[in-house]
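[1] one predicted model, sequence on top.
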Amino acid sequence: MKPVRLTNEALKAAAEVLAARDRHLASIYQIHGAPPMWARRPGFSTLLRIVLEQQVSLVSARAMFARLKSNIAPFTPEAFIASGEAYLRSLGVTRQKAHYCVQVAQAFMNSHLDKIVRMNDEEAHATLLQIKGVGPWTANIYLLMALRRPDIWPDGDVALATAVGKLLKMNPRPAFTELAQIAERWRPYRSVAARMLWQYYLAERKRR
């Protein structure tokens, strides 16, 4: 059975279902409507960028990604491997992330991810975790944004914890284990709930 891929129409319909079921998500939906898809094209470039986004701000990750794109041409797994970790470090990538970048490139070079689109969520997640540098959060963000799976919860996402804490008036914000338990109520559309919460988080930041 082919895995379900979220479409714009399905995203809107799922947001309506969640808003009808959950008063907190309803408050987001009433103000902001259906969330953006925030989709990314599956492939090397996207997984690499998500690795760069680990534990840093999106602004600094975006700047590093742009620097790599302007210095490595063509922007392919082969070119990354040929460049080597020392060159990536010379561009400002940390030693650890330079190693991870090359590991991601190797995974695409050796066809490790060729069948991931046809795998179910658990198989796809496990396959991504076999790549050094790809942890649960990175794997889940790839499944959620690149493969557009409808029921993925990105454990360890600080923005989601902050959004839920504010929305549910929890101080301090929930721990990630508690957050995952809260997210259970949003099955089978946890990916859509995550998008609604990111939408809320970004709107609240703009208000400051």
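    All right, it came through fine. Just so it is clear, the structure is predicted and the values come from calculations on it, not from any experiment.
[2] which strands and helices sit next to the longest helix along the chain?
    Longest helix of the chain, by residue count under DSSP state H: helix 190-207. Secondary-structure packing of helix 190-207 (3 or more Cβ pairs under 8 Å, 6 or more residues apart in numbering; DSSP states H and E): helix 8-21, helix 23-32, helix 158-167, helix 176-183. Where C-beta positions appear, they are placed from N, C-alpha and C, glycine not excepted.
[3] out of those, the one nearest Arg208 is which?
    Smallest distance to Arg208 across the helices and strands packed on helix 190-207 (Cβ to Cβ): 11.7 Å, for helix 158-167.
[4] gap between stretch 139-157 and the chain center?
    Taking Cα atoms, centre = their mean, to the nearest Å, one finds stretch 139-157 lying 5 Å from the centre of the chain it belongs to.
[5] please shift the residue numbers so they start at 17 in all later answers.
    I'll keep to 17 as the first residue from here, and by that count the last item is stretch 155-173.
[6] ok, Leu104 - contacts?
    When contacts are counted by Cβ atoms under 8 Å, 6 or more residues apart in numbering, Leu104 touches 84, 96, 113-114, 117-118.
[7] mind redoing it with 7 Å?
    Residues near Leu104 by Cβ atoms under 7 Å, 6 or more residues apart in numbering: 114, 117.
[8] what about it, which helix or strand?
    Assigned by DSSP states H and E, Leu104 belongs to helix 93-106.
[9] and the helices and strands packed on helix 206-223, which is most packed in?
    Greatest average neighbour count among these goes to helix 174-183 (a mean of 19), per mean count of other Cβ atoms under 10 Å.
[10] now do that one: which elements does it pack against?
    Under the contact criterion of 3 or more Cβ pairs under 7 Å, 6 or more residues apart in numbering; DSSP states H and E, helix 174-183 touches helix 192-199, helix 206-223.
[11] could you grab the helix/strand/coil label for the residue nearest to the spatial centre of the chain?
    With distances taken as Cα atoms, centre = their mean, Ile157 lies nearest the centre of the chain, 2.1 Å away. Look at Ile157: counting by DSSP: H, G, I helix; E, B strand; the rest coil, its state is helix.
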